[in-house]
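Peer 1: Following is a predicted model, sequence given first.
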Amino acid sequence: MNAIIVYWSKTGNTKKVARAIEEGFREAGVDALLTRVEDAGDLDFFSYDLVCVGFPSYQWRVPKPMDEFLKTKFNAYRSQKRVIEGAPKLPGKNAVIFCTYSGPHTGIREAIPPVLYAAQFFEHLGFTILGEWYVVGEFHGSLEMSTMGRLGDIRGRPNEADLRAVKLDAIRVANMLKGKPGIP
Ligand SMILES: Cc1cc2nc3c(=O)[nH]c(=O)nc-3n(C[C@H](O)[C@H](O)[C@H](O)COP(=O)(O)O)c2cc1C
């Protein structure tokens, strides 16, 4: 089984989460490639059993570099006639979408739309979505957004506990795909 983790991160929160996922996969004995979206132009989703895509919520949307990546890939697959009506499931093709967010105004609802949107690219290609992971992240550069928002004081997030939870989720998904029981 092979996996790839593609992420975009401006201030490092999403990168930490991507690394925790990589660590979890590795611990579960799964080969995982970690790559920034900026370096992922040649990536073929269909070459992997599991594609993980991560980004921060920006204006409750997918940030532009990741959005453009997803759209470019999708358009290429569409022109190869790989986008089929009814989106039949492709056995062994799976995706996880993860998003970091500060939720200053409406909490997790600021991260749900971009995650569901990003997941659609994969579902349209026949991938099964195995996880939609939401991780709180400090709003670097804004003390107000990091302390006075809906989620309270989120400075230092994702913290060790957040990353441990992500790692366990990654291990659970990896074991599931390998046909092993969940958490070690
Ligand atoms: C330009 C900008 C827009 C943002 N918009 C939102 C938003 O709409 N909702 C939210 O919950 N967080 C928002 N955030 C906070 C980020 O999603 C959050 O801090 C994230 O963890 C940053 O990830 P990164 O460190 O990987 O770049 C925004 C941050 C920036 C810089």
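Peer 2: On my side now, so go ahead.

Peer 1: now the strands: where do they sit in the protein?
Peer 2: 2-7, 31-36, 50-56, 94-101, 128-136 (DSSP state E).

Peer 1: for the first one, packing partners?
Peer 2: Counting by 3 or more C-beta pairs under 8 Å, 6 or more residues apart in numbering; DSSP states H and E, the packing neighbours recorded for strand 2-7 are helix 13-27, strand 31-36, strand 50-56. (Glycine included, C-beta is placed from N, CA and C.)

Peer 1: what does this structure have sitting close to the ligand?
Peer 2: Contacts of the chain with the ligand, taken as C-beta under 6 Å from any ligand atom, map to 9-15, 56-60, 100-103, 110-111, 137, 139.

Peer 1: try 5 Å this time
Peer 2: Within reach of the ligand by C-beta under 5 Å from any ligand atom, the chain has these residues: 9-14, 56-60, 100-103, 110, 137, 139.

Peer 1: Show me what residue of this structure gets nearest to the ligand.
Peer 2: Distances between the chain and the ligand by C-beta to the nearest ligand atom are smallest at Gly137, namely 2.4 Å.

Peer 1: ok, so what distance separates that residue from Cys52?
Peer 2: 17 Å (C-beta to C-beta, to the nearest Å).

Peer 1: before we move on, back to that, ok, the residue of the chain closest to the ligand touching Gly156?
Peer 2: No. Look at Gly137 against Gly156 with C-beta atoms under 8 Å: they stay out of range, at 9.9 Å.

Peer 1: Do me a favour and average the pLDDT over stretch 172-183.
Peer 2: Per-residue pLDDT values across stretch 172-183 average out to 82.

Peer 1: mind listing what's buried in that stretch?
Peer 2: Within stretch 172-183, the residues scored as buried using 16 or more other C-beta atoms under 10 Å are Arg172, Val173, Ala174, Asn175, Leu177.

Peer 1: again, but for stretch 107-123
Peer 2: Under the neighbour-count criterion of 16+ other C-beta under 10 Å, stretch 107-123 has Gly107, Glu110, Ala111, Ile112, Pro114, Val115, Ala118, Ala119, Phe121, Phe122 buried.

Peer 1: same thing with stretch 152-159?
Peer 2: Ile154, Arg157, Pro158.

Peer 1: Closest to Leu90 out of these?
Peer 2: Nearest to Leu90 among these is Pro158, at 31.7 Å by C-beta to C-beta.

Peer 1: Check the helices and strands packed on strand 2-7 for me and report the most buried one.
Peer 2: The highest mean neighbour count among these, using mean count of other C-beta atoms under 10 Å, belongs to strand 50-56: a mean of 26.

Peer 1: Hey, what's the angle from it to strand 31-36? Just curious.
Peer 2: 30 degrees (axes from the mean of the first three to the mean of the last three C-alpha atoms, to 10 degrees).
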